[in-house]
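Engineer: Fold the following, please.
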Amino acid sequence: MKKESKLHFYDSFVCTASDCPFTCCQEWAIGVDDRTYACWQKKLKLNVAATVTTNESGSGYKIALNDKRECPYLTKEHLCSLVLRYGDSVLSDTCAGFPREIHAFSNRIEKTLVSCCPEVVDFLNREKVQIVGEADFSWGNTEEEQDEKLLYDLRRDMMRLLGDEGYSLLLAYQMIFYIQLDAMRHYYEDGEWIYERDQYFHGKILEEMSQTIRNLPVDRRATLQERNELFLDLVANYREQGMYTRALQPVLMQAEALESLLESSEKTEAIEHLLLSYGKFEEELSAYTGLFRNFLVAELFTNLVKPLSDMESVTVMLQWIGMEWAGMMHVLFLQWLADGQKLSYEEIREWIVLISRMMGYDEDDIFEYMENCFEDLIWEWGYLHLLLP
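Structural biologist: Sure, this is the predicted structure:
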């Protein structure tokens with residue numbers, strides 16, 4: 001039997017059902033596996049033609065949301081009518097498992113929880129994330145297992161650096177992206193290259209790297225402009241489909257006003273005021289540094305390395321997670337502006353959940369998005385420095 005590692009609160013998670021402030025039963029794809037489809041149709045005699053549709057790919061099924069973009073089986077009390085009538089056993093694999101994910105590797109099982117759920121965010125906000133069982137694995141000498149070990153060791157050391165409160169979160173993320181780019185270059189160019197922790201994570205090397213990054217110039221206006229453009233691109237499809245309208249409408253108004261202002265060559269006084277406001281926003285958001293530090297550590301554990309990952313896919317996922325985080329910080333700034341320069345924990349939690357859901361793509365779709373959105377699939381380090389200065 002394979003050994004396990006998992007987020008320390010994995011076994012403590014319980015769905016809050018009707019008490020959930022952001023139900024998973026609305027406004028996104030809810031998968032229905034073949035077993036469940038057959039059960040609903042043949043055993044329960046449900047009218048699945050009215051409540052289930054095929055996926056866009058033509059294979060597999062998903063719930064057909066109603067006019068409110070809710071699951072048709074969701075009651076007014078935000079409970080599942082199928083569970084109330086038949087019990088948990090009739091749930092689809094998606095509904096029964098969410099927000100849990102299980103990844104099976106050659107030598108271990110990893111169990112995690114995705115941040116698309118507000119209860120998971122509450123856990124992240126309460127205490128420092130720990131990975132239980134991460135030191136208990138043995139590794140074989142096959143090429144496959146050695147490649148898995150390389151990615152595992154890199155991710156472990158990156159998570160430790162992100163969790164180190166001696167470094168700011170922005171700085172730590174820039175450092176781990178630099179390390180990943182350099183490790184990928186060695187891996188593909190040096191043949192029998194072997195990763196050793198002290199190559200990158202030795203105290204002296206980290207201090208030199210951090211000092212170099214701290215001394216680089218930062219263009220806050222360019223950062224806001226790039227984040228704003230990425231945010232508008234990210235939400236374009238959801239906007240066209242009328243999804244998440246209640247949450248998106250006020251921040252989209254701010255984003256469009258911001259786009260006009262930042263593109264102006266004349267409104268220098270207004271732009272200076274905006275940048276001062278952003279400095280104030282960053283100060284207020286710093287109260288939630290622990291939450292975001294936990295979020296990023298959990299994201300790396302959940303999404304950075306999966307079965308069949310390689311050095312290129314890990315680099316792309318590190319970029320994607322960086323985009324996700326930049327998108328969260330930007331939409332929170334837009335919300336802060338829309339709310340008269342104030343922000344509650346509940347709003348922060350809602351946007352973490354919402355952006356996580358918006359960016360919860362399959363790996364193939366992530367690669368397609370990155371290839372279409374950027375000139376090169378793999379970024380130059382300077383681009384991440386622009387996004388997360």
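Engineer: so who does the nearest residue to residue 243 once chain neighbours are set aside touch?
Structural biologist: Closest residue to residue 243 apart from its sequence neighbours, by CB to CB, 6 or more residues apart in numbering: residue 27 at 5.2 Å. Where you see a C-beta, it was placed from the backbone N, CA and C, and this is true even at glycine. By CB atoms under 8 Å, 6 or more residues apart in numbering, the residues touching residue 27 are 65, 69-70, 243-244, 357.
Engineer: Tell me both backbone torsions, phi and psi, for residue 27.
Structural biologist: phi 60, psi 30 (degrees, to the nearest 10).
Engineer: if I look at it, how far off is residue 72?
Structural biologist: In this view, residue 27 and residue 72 are 14 Å apart by CB to CB, to the nearest Å.
Engineer: neighbours around the residue lying closest to residue 64 once chain neighbours are set aside, how many?
Structural biologist: Using CB to CB, 6+ apart and skipping the chain neighbours, the partner closest in space to residue 64 is residue 53 (4.3 Å). Neighbours of residue 53 under the rule other CB atoms under 10 Å: 14.
Engineer: and what of residue 132?
Structural biologist: Applying other CB under 10 Å, we find 15 residues neighbouring residue 132.
Engineer: In terms of pLDDT, where does the closest residue to residue 339 other than its chain neighbours sit?
Structural biologist: Among residues not flanking residue 339 along the chain, residue 347 sits closest, at 7.4 Å (CB to CB, 6+ apart). Looking at residue 347, its pLDDT is 97.
Engineer: quick one, strands of the stretch 101-250 of the chain?
Structural biologist: 108-113, 131-132 (DSSP state E, counting those that start in this stretch).
Engineer: Could you identify which of these is most buried?
Structural biologist: strand 108-113 (a mean of 20; mean count of other CB atoms under 10 Å).
Engineer: Mind putting the strands of the stretch 101-250 of the chain into CSV with mean pLDDT and distance to residue 239?
Structural biologist: Listed next are the strands of the stretch 101-250 of the chain as CSV, based on pLDDT from 0 to 100; distance: least, CB to CB, whole Å:
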stretch, mean pLDDT, distance to residue 239
strand 108-113, 96, 28
strand 131-132, 94, 37
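Engineer: Tell me, how many residues neighbour residue 318?
Structural biologist: Neighbourhood size, residue 318 [other CB under 10 Å]: 26.
Engineer: The one 3 residues further on now?
Structural biologist: Here the neighbour count serves as a burial measure; for residue 321 (other CB under 10 Å) it reads 20.
Engineer: How about the secondary structure of it?
Structural biologist: Classification of residue 321 by DSSP: H, G, I helix; E, B strand; the rest coil places it in helix.
Engineer: Might you report the residue contacts of the residue nearest to it when sequence neighbours are not counted?
Structural biologist: In space, and not counting its chain neighbours, residue 321 is closest to residue 299: 5.0 Å by CB to CB, 6+ apart. Listed by CB under 8 Å, 6+ apart, the contact set of residue 299 reads 115, 321, 324-325.
Engineer: try residue 262
Structural biologist: Counted by CB under 8 Å, 6+ apart, residue 262 has contacts 221, 224-225, 228, 271, 274.
Engineer: Over to the residue nearest the centre of the chain. Which of the three states is it?
Structural biologist: The centre of the chain sits closest to residue 356, judged by CA atoms, centre = their mean, with a distance of 4.7 Å. Under three-state DSSP, residue 356 falls in the helix class.
Engineer: which ones are touching the residue nearest to residue 64?
Structural biologist: Residue 53 is in contact with 61-64, counting by CB under 8 Å, 6+ apart.
Engineer: and those, which two are the farthest apart?
Structural biologist: Greatest spatial distance among the contacts of residue 53 (CB to CB): 61 and 64, at 9.3 Å.
Engineer: So between the two, which is more surrounded?
Structural biologist: A direct count of neighbours by other CB under 10 Å for residue 61 and residue 64 places residue 61 higher, at 19 against 16.
Engineer: before we move on, back to that, which member of the contacts of residue 27 is positioned nearest residue 183?
Structural biologist: Of all these, residue 357 has the smallest distance to residue 183: 30.7 Å, by CB to CB.
Engineer: Residue 220: how many residues sit nearby?
Structural biologist: 15.
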